[in-house]
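In: make a model of this:
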Amino acid sequence: MLYFPIGWMFLLLFWFLLALLMGLIQIGILEYVFESMGVGRRYMVALLLLCLLGSYVNIPLVHLPGKHVRAGEIIDFYGVQYVVPVLVNSEGTTLAVNLGGAVIPFLLSVYLIFKHRLFLESLLAVGLVTVAVHWMARPVPGVGIAVPIFIPPVVTAIVALVLSRSNPAPLAYIAGSLGTLIGADLLNLNQVRDLGAPIASIGGAGKFDGIFLTGVVAVLLAGILGAGRRVAKPG
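Out: Got it, this is the predicted structure:
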């Protein structure tokens, strides 16, 4: 199942944001970012790029019987346009998992947890973000469960800075990715059948934008942290 979960304007914006990050990395402004995240430069950039490209890919899990109320539309939610795909000769809702918005962020989060041994911090941070995201998540007919785009990045930045002042970047990525997936998707699976969405994608439309921005915020946190350390060095 291949389709971009967000409108072209926002998709182009995300491409621009990724290009800007790559430019900042190349000129050395974010030179400490990879030391802080524990992921090599090429791998981190490649992972963010794969997340963006992977948002196009939805892996079907199960088919839920029901009626389609919307298809082939563009639905606006908190100023963000989400794409409702068209499925031919299919009744009900297909529950899927998004490659760029769920699979890759989940695997990277697990790696960062073990890499930095953030077991207790991750449990607490993911719990806090899950509660906040679940409170803000709203069912959107034709789309699925959606969250205001800036909620996951802002909440995760605050939580990560409070719980881990020395190295908040990896914790921000972990909490934002897993907290959004759990709070928005997994805890609302019981509502999917009644939304009339052709495809309800875990980590897809309504959540991918927030998860991708969480990754960007984590990178920026690492860069800001590194700059602060350099300024704090004597001499």
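
In: quick one, helices of this protein?
Out: 8-26, 33-37, 41-54, 104-116, 119-136, 151-163, 168-180, 189-192, 208-232 (DSSP state H).

In: can you pull the buried residues of the first one?
Out: It refers to helix 8-26. By 16 or more other C-beta atoms under 10 Å, the buried positions in helix 8-26 come out as 10-11, 14, 18, 21, 24-25. Every C-beta, even on glycine, is put in place using the N, C-alpha and C of the backbone.

In: as CSV, the residues you listed with pLDDT would be great.
Out: Putting those into CSV (pLDDT from 0 to 100) gives the following:
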residue, pLDDT
F10, 72
L11, 73
F14, 77
L18, 78
L21, 73
L24, 71
I25, 68
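
In: farthest pair in these?
Out: Spanning the widest gap among these are F10 and I25, at 22.7 Å by C-beta to C-beta.

In: what residue ranges in the protein are flagged as low confidence?
Out: Applying pLDDT under 70 to the chain picks out residues 1-7, 25-36, 66-91, 206, 219, 221-235.

In: show me what S201 is bridged to.
Out: Note on S201: beta-bridge partners by DSSP bridges are A96.

In: in this structure it contacts G100, no?
Out: No: the criterion here is C-beta atoms under 8 Å, and S201 misses it with G100 at 10.4 Å.

In: and the two? Which one has more around it.
Out: Applying other C-beta atoms under 10 Å to S201 and G100 shows that S201 carries more neighbours, namely 32 against 26.

In: who's in contact with the more buried one?
Out: 5, 58, 95-98, 101-102, 144 (C-beta atoms under 8 Å, 6 or more residues apart in numbering).
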